[in-house]
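[1] fold the following, please.
(chains A and B)
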There are 2 protein chains.
Amino acid sequence: MFPGLSRRSLLAGGASLGGAMIAAAAGRAQEAPPGAALEPVPEDPTRVQGQPVLSENGYGSRSQFESEVRWRYPTATAHTSWSMTPLASGHGIVTPSGLHFERHHAGIPTIDPRAHSLILHGMVEEPLRFTMDDLMRLPAVSRMHFIECSGNTLTEWEEPTLRTVQGTHGLTSTSEWTGVKLSTLLEMAGLRDGAAWILAEGADAAVMTRSVPVGKVMDDAILAYAQNGEALRPEQGYPLRLLLPGFEGNMQIKWLRRLEVSDTPYMTREETSKYTDLMPDGRARQFTFVMDAKSVITFPSGAMRLPRPGYYEITGLAWSGRGKVAKVEVSADGGETWEEAALEGPVLDKCHTRFRLPWVWNGEEAVLQSRVTDETGYVQPTLEELVAVRGTDSVYHLNAIQSWRVAGDGEVTNVHA
Amino acid sequence: MFPGLSRRSLLAGGASLGGAMIAAAAGRAQEAPPGAALEPVPEDPTRVQGQPVLSENGYGSRSQFESEVRWRYPTATAHTSWSMTPLASGHGIVTPSGLHFERHHAGIPTIDPRAHSLILHGMVEEPLRFTMDDLMRLPAVSRMHFIECSGNTLTEWEEPTLRTVQGTHGLTSTSEWTGVKLSTLLEMAGLRDGAAWILAEGADAAVMTRSVPVGKVMDDAILAYAQNGEALRPEQGYPLRLLLPGFEGNMQIKWLRRLEVSDTPYMTREETSKYTDLMPDGRARQFTFVMDAKSVITFPSGAMRLPRPGYYEITGLAWSGRGKVAKVEVSADGGETWEEAALEGPVLDKCHTRFRLPWVWNGEEAVLQSRVTDETGYVQPTLEELVAVRGTDSVYHLNAIQSWRVAGDGEVTNVHA
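    Numbering: from 1, shown residues only, chains lettered A, B, ... in the order given. You can find the predicted model right below:
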């Protein structure tokens, strides 16, 4: 199960009774967030009664020793900006709702769910309006899916720019989403002949609007009102968002208030001026909806330091907007040779998949890379291969292989290799 | 896909543009929790800039309109007590970490992970001590599993007692857990001949101790340091807990500090005086580790009121400590007739599984029940069948079919039927 690993090599990690402690490899949080109530730390916790059940109004919070946070990219204002999930400290595939990445174009609106409704009109037999209570009475589904901003990794087209995997890849997160299939609503309303596109509109101050092909909607679009077992978080569209599994995040309209059916796309700002891919010939490629397969090693990753040679478990995330992850390979020599990583099950459709591979670091320089193949056979490209097709004038949809250089002293840095 | 449902029956739910709004069926939260900062609610959220990205130190919180909390059972003190997950407002299968049920015997200890270690000794070739950093460098696994307190439903042996599904069934929750397989540590230490049991000891003031068969440990036990993508919550054992998938919650020792290998069980207080099942012949059945298959309808459930006849989606959770859920049947007539519910995928081993069944309520009295069959063929018993074997002197391990009566006025109550 762990090739090349013997009891001896694990023990060499340093766990004998009385043995030396190992320095934190991944910069685990050691300070409480500002404002957090700090409990005294007893020398022997068995000698003092602990904290009572149901502190903090019955809704728990993290340990005072945990302080990982989303990191806001330093845009000019915090209202049209984004914040990134700390992937390096993540575990498994679920992103805690409090750490799901954000991208807002005019801030997070405050919406009373009792006053919110969704209108469905345009090329339908019967226009409909749904309150949140109406929607929550309809047949529901729950699905685990990633959402990735198409701007994820946008800093990395030309030179290695951001230091950590949170900076380079933190605009992707996975949740269990619950809601109503949008096809259920369209079947209630009745599509008219020729209906081909649906405009989705948000109730934020940007009035975010995108055109979605009807085929995608009938396939697997969800009107989500819940995330990870509870109501959507405000920054994820409370009380209602559109979920388009595998499509770029910007289309998955948050604070959803209106759906209009048409025979043609609406050519909104966000699908003409923005969210298009400028190609080397000067033309902008439009409607590049699907997020292609991508993977990244989260441990070890940028700005970490391996304390010494020996055993480590390389781990990371892989995903594809076209379906399931079929295979992840890992290289420790910059792509010269590859070894297949183990995939943590269940491997789900359009969902983060965690991969793991044991690795014994010999103390010499290494360049770590991961490469995903999805179930359609698509293989994640190198940056060189991607740039050969796309040029470097693009902003969005950079899904190239990421390289982390491990130096002889254990420092891990973002490199192009 | 939704038998018996036509466009007409869904529209009868009342969603026409300009149609009547439907009263909340499930008592959705409408008050902010005490102390929450309230944002002003604009009449039109598109006319005012929203809240900035990365408020609240980068770790998000719920909407001010959401206030579901764990409910503490009114024991004499809040230090040896339990709090229950609000299953009625849950979605999907993941329990938000802030709403995972609690059971503490001497409160929640405050433990600095940098000072915490785990000792493994007894009948091993080489006793070992692991810091948290040591453990986090070892090969890891992530698994979604339920944990159920064996005392879940203990109020319901003789008469219907608690009003809501949170009270009757709220001592079960599901998380994605990440950690090291305990078998990895045992392989490092080397088990001596005759090793058959392992004592697990917590670092809380109760110094909670339980004996675990080595076979279970080698099969699927995990030393979990993460829950739903981040560090364990303090009330779930931060920084380290034992996870024994499918076994009763009490054995899954929190704040784990010591493992001792033996050839015999340790006969601790929690496996002699407590956590045994008193049988009708006056003998106490010991070591009843596995949580048998169980299911419960969460909507509609006790203390709800259906506003009027018409379409509803019956939904709930099913689980088994012996493996996967194979089938869930639902009855609307107190067990006279049954219909098979749809299971939401992926159906995972020893994990909550959500079931759904469309139902048109004709306005007459109905008694709703669910009955799970697990992959071993075990069928959830009626309370009458369970009591025939177990009597009513037991406290733990009540896994009988739950009945909810829907009265002609829509009121839903807990009944024995």
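[2] helices along the stretch 301-417 of chain A, start to end?
    Using DSSP state H, counting those that start in this stretch, the helices of the stretch 301-417 of chain A run over A:383-390.
[3] residue of it nearest chain B, please.
    Closest residue of the stretch 301-417 of chain A to chain B, CB to the nearest CB: residue A:346 (4.7 Å). For the C-beta atoms, the positions are set from N, CA and C on the backbone; glycine is no exception.
[4] could you report the neighbour count for that residue?
    Neighbourhood size, residue A:346 [other CB atoms under 10 Å in any protein chain shown]: 17.
[5] ok, it - contacts?
    Counting by CB atoms under 8 Å, 6 or more residues apart in numbering or on different chains, residue A:346 touches B:346, B:348.
[6] how much space between it and residue B:144?
    Per CB to CB, to the nearest Å, residue A:346 is found 8 Å from residue B:144.
[7] which neighbours do these two share?
    Listed as contacting both residue A:346 and residue B:144 by CB under 8 Å, 6+ apart are residue B:348.
[8] could you find the closest non-adjacent residue to the residue nearest to the spatial centre of chain A?
    Nearest to the geometric centre of chain A sits residue A:172, at 1.7 Å (CA atoms, centre = their mean). In this structure, residue A:172 finds its nearest non-sequential neighbour in residue A:148, 3.9 Å apart by CB to CB, 6 or more residues apart in numbering or on different chains.
[9] isn't that neighbour right next to residue A:169, touching?
    No - applying CB atoms under 8 Å as the test, residue A:148 and residue A:169 come out as separate, 9.0 Å apart.
[10] which one of those two has more residues nearby?
    Taking neighbours as other CB under 10 Å, residue A:148 and residue A:169 compare with residue A:169 leading, 29 against 25.
[11] from what I can see that one touches residue A:154, true?
    No - with contact defined as CB under 8 Å, residue A:169 does not count as touching residue A:154 (10.9 Å).
[12] in the stretch 251-400 of chain A, which spans are strands?
    Assignment of strands within the stretch 251-400 of chain A using DSSP state E, counting those that start in this stretch yields the ranges A:256-262, A:277-278, A:284-285, A:294-299, A:310-319, A:325-331, A:339-340, A:342-343, A:353-361, A:366-374.
[13] winner for burial among those?
    strand A:294-299 (a mean of 27; mean count of other CB atoms under 10 Å in any protein chain shown).
[14] can you tell me what sits against that strand?
    Applying CB under 8 Å, 6+ apart, the contact partners of strand A:294-299 are A:25-26, A:87-88, A:90, A:148, A:165, A:168-169, A:172, A:312-320, A:325, A:328, A:330, A:355, A:368-372, A:380, A:399, A:401-402, A:404.
[15] pLDDT score for the residue in the stretch 201-350 of chain A that chain B sits nearest to?
    In the stretch 201-350 of chain A, no residue comes nearer to chain B than residue A:226, which is 3.6 Å away by CB to the nearest CB. Per-residue confidence for residue A:226 comes out at a pLDDT of 98.
[16] that one: how many residues sit nearby?
    The burial count for residue A:226: 23, using other CB under 10 Å.
[17] now do the same contact list for it.
    By CB under 8 Å, 6+ apart, the contact set of residue A:226 is A:142, A:177-179, A:232, B:91-92.
[18] which stretches of the stretch 201-350 of chain A have low pLDDT?
    Along the stretch 201-350 of chain A, segments meeting pLDDT under 70 are nowhere present.
[19] correct me, but residue A:266 touches residue A:209?
    Yes - Residue A:266 lies in contact with residue A:209 (CB under 8 Å); the separation is 6.7 Å.
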